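Visitor: What follows is a predicted structure for the sequence shown.
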Amino acid sequence: MTPLVEVRGLTKHFPVRSGVLQRRIGTVQAVERVDLDIFEGEALGLVGESGCGKSTLGRLILRLLQPDAGTVRFAGEDITNLEGEELRRLRGQMQIIFQDPYSSLDPRTSIGDSIGEGMRAQGVERNQQARRVSEVLEMVGLEPHHARRYPHEFSGGQRQRVGIARALAVKPRFLICDEPVSALDVSIQSQILNLLRDLQRELRLTMLFIAHNLSVVEHLCARVAVMYLGKVVEVAARDQCYLRPTHPYTEALLTAIPVADPTRSGRRRMLEGELPSPLAPPPGCHFHPRCWLAVKGVCDVFEPALAEADGDPGHLASCHLRTGAYRHLLTTP
């Protein structure tokens, strides 16, 4: 099956400057040689700690940021270097729901004008815009007359529904949800998640769902990718990932999920040390300073690539000890 979105070797570094003269003192390696496939009609979850590069990767795929290296293909077309009118047309097929539903909306613009802005940019006729605004508002559980209101007149959950409506107004094929429920109350999160799940199935959307909460991703996504310090370290179907985690970092994340049952006591895998600085990632496997399985002379020297896990077809991980592709390194004298 051909992916709708193909990412190969995607890399993005940000310069760090300091002082009055803004001299460059280093480089943040936000995303480093990432390979990822997103298939038509699926919801892929992208999880990891804060600062691991999840949101940056999403913006690179959408071409909101220009990558330093690598390629992004959408529906078979290389979109890495599109500009001007070609890039503007692409925006109609790829949209994003931002994390903060308040700061992503213009407080001086009515909800109807905010939702219609994308349609105006795509050349939708004015007489069709009002009808489409009413359609998407009803689609996300709001009323058509809400189009005349302003963002401060809505609750946080309602503002996020407006953000979803704005993304859907131009009828995209691909939708990136950048932690769309992390700024909401827990009671509202489930409503927004159920809405996104229903819309994804009803509209047959292809979705990249970015989150740091694995229990949220389990509710919505059929496949999961795990990021750590700018790299994708595991990609698997949901059941493979949650029942048979291969990378030690994924295993640690899963043990941190709270269990709503006082009679069950899970064993928490505590990670030692702090997340290394993206200004100076450790050599070899980036996770080795915090990994309880790390082998000196292997994990701290050789960088693992994504390879199929032992005895688990389709389950990819970047770990020397748990993928056969690097077994020879462990036996070399």
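Guide: Yep, it's here.

Visitor: contacts, neighbours, all on C-alpha from now
Guide: OK.

Visitor: Could you tell me which residues make contact with the residue nearest the centre of the chain?
Guide: In the chain, the residue lying closest to the centroid (CA atoms, centre = their mean) is residue 210, at 3.0 Å. The contact partners of residue 210, taken as CA atoms under 8 Å, 6 or more residues apart in numbering, are 45, 46, 47, 54, 55, 176, 177, 178, 179.

Visitor: cool, and residue 277?
Guide: Contacts for residue 277 (CA under 8 Å, 6+ apart) come out as none.

Visitor: Wait, a helix at it?
Guide: No. Counting by DSSP: H, G, I helix; E, B strand; the rest coil, residue 277 falls outside a helix, being coil.

Visitor: Distance of it relative to residue 174?
Guide: Going from residue 277 to residue 174 by CA to CA, to the nearest Å gives 32 Å.

Visitor: hmm, back to that, how far is the helix or strand harbouring the residue nearest to the centre of the chain from where the chain is centred?
Guide: Element membership for residue 210 (DSSP states H and E) is strand 206-211. Put simply, strand 206-211 sits 5 Å off its chain's centre (CA atoms, centre = their mean, to the nearest Å).

Visitor: What of stretch 287-297?
Guide: On CA atoms, centre = their mean, the centre of stretch 287-297 falls 26 Å from the chain's centre.

Visitor: May I have it as PDB, with CA atoms only?
Guide: Extracted C-alpha coordinates of stretch 287-297, given in PDB (Å, rounded to 0.1, in the frame of the first residue of the first chain):
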ATOM      1  CA  PHE A 287      18.700   7.000  24.800                       C
ATOM      2  CA  HIS A 288      21.700   5.100  26.200                       C
ATOM      3  CA  PRO A 289      22.500   7.400  29.200                       C
ATOM      4  CA  ARG A 290      19.100   6.600  30.600                       C
ATOM      5  CA  CYS A 291      18.700   3.000  29.400                       C
ATOM      6  CA  TRP A 292      19.000   0.000  31.800                       C
ATOM      7  CA  LEU A 293      19.900  -2.300  29.000                       C
ATOM      8  CA  ALA A 294      22.700  -0.200  27.500                       C
ATOM      9  CA  VAL A 295      25.900  -2.100  26.600                       C
ATOM     10  CA  LYS A 296      29.100  -0.200  26.900                       C
ATOM     11  CA  GLY A 297      31.100   0.000  23.700                       C
END
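
Visitor: Return the residues in contact with residue 282.
Guide: Shown in contact with residue 282 (CA under 8 Å, 6+ apart): 276, 289, 300.

Visitor: any chance of the residues you listed in JSON lines, plus pLDDT and neighbour count?
Guide: Converted to JSON lines, the contacts of residue 282 look like this (pLDDT from 0 to 100; neighbours: other CA atoms under 10 Å):
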{"residue": "276", "pLDDT": "84", "neighbour count": "14"}
{"residue": "289", "pLDDT": "90", "neighbour count": "18"}
{"residue": "300", "pLDDT": "89", "neighbour count": "17"}
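
Visitor: who does the strand holding residue 210 pair up with?
Guide: Sheet pairing of strand 206-211 (DSSP bridges) gives strand 43-47 (parallel), strand 174-178 (parallel).

Visitor: deepest of these, which one?
Guide: Neighbour counts (mean count of other CA atoms under 10 Å) averaged over each of the strands paired with strand 206-211 peak at strand 43-47, with a mean of 26.

Visitor: hang on, the earlier thing: could the contacts of residue 282 go into TSV alongside distance to residue 25?
Guide: Output for the contacts of residue 282, formatted as TSV (distance: CA to CA, whole Å):
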residue	distance to residue 25
276	17
289	24
300	25
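
Visitor: related to what we said a few turns ago, so which of the strands paired with strand 206-211 comes closest to residue 310?
Guide: Residue 310 lies closest to strand 43-47 among the strands paired with strand 206-211, at 22.6 Å (CA to CA).

Visitor: could you give the mean pLDDT of the closest one?
Guide: Across strand 43-47, the average pLDDT comes to 95.

Visitor: Stretch 171-190 too?
Guide: For stretch 171-190, mean pLDDT rounds to 88.

Visitor: CA atoms only: put that stretch into PDB for me.
Guide: The C-alpha trace of stretch 171-190 is given here as PDB (Å, rounded to 0.1, in the frame of the first residue of the first chain):
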ATOM      1  CA  LYS A 171     -12.100  19.700   3.000                       C
ATOM      2  CA  PRO A 172      -8.500  18.500   3.600                       C
ATOM      3  CA  ARG A 173      -7.300  15.000   3.000                       C
ATOM      4  CA  PHE A 174      -4.600  15.100   5.700                       C
ATOM      5  CA  LEU A 175      -5.000  16.600   9.200                       C
ATOM      6  CA  ILE A 176      -2.300  17.100  11.900                       C
ATOM      7  CA  CYS A 177      -3.600  17.400  15.400                       C
ATOM      8  CA  ASP A 178      -0.900  19.100  17.500                       C
ATOM      9  CA  GLU A 179      -1.800  18.100  21.100                       C
ATOM     10  CA  PRO A 180      -5.300  19.300  20.600                       C
ATOM     11  CA  VAL A 181      -6.600  18.300  24.100                       C
ATOM     12  CA  SER A 182      -3.600  19.000  26.300                       C
ATOM     13  CA  ALA A 183      -4.800  22.500  27.200                       C
ATOM     14  CA  LEU A 184      -8.300  21.400  28.100                       C
ATOM     15  CA  ASP A 185      -9.900  20.100  31.300                       C
ATOM     16  CA  VAL A 186     -10.000  16.300  31.600                       C
ATOM     17  CA  SER A 187     -13.800  16.300  31.400                       C
ATOM     18  CA  ILE A 188     -13.700  18.100  28.000                       C
ATOM     19  CA  GLN A 189     -10.800  16.100  26.600                       C
ATOM     20  CA  SER A 190     -12.900  12.900  26.100                       C
END
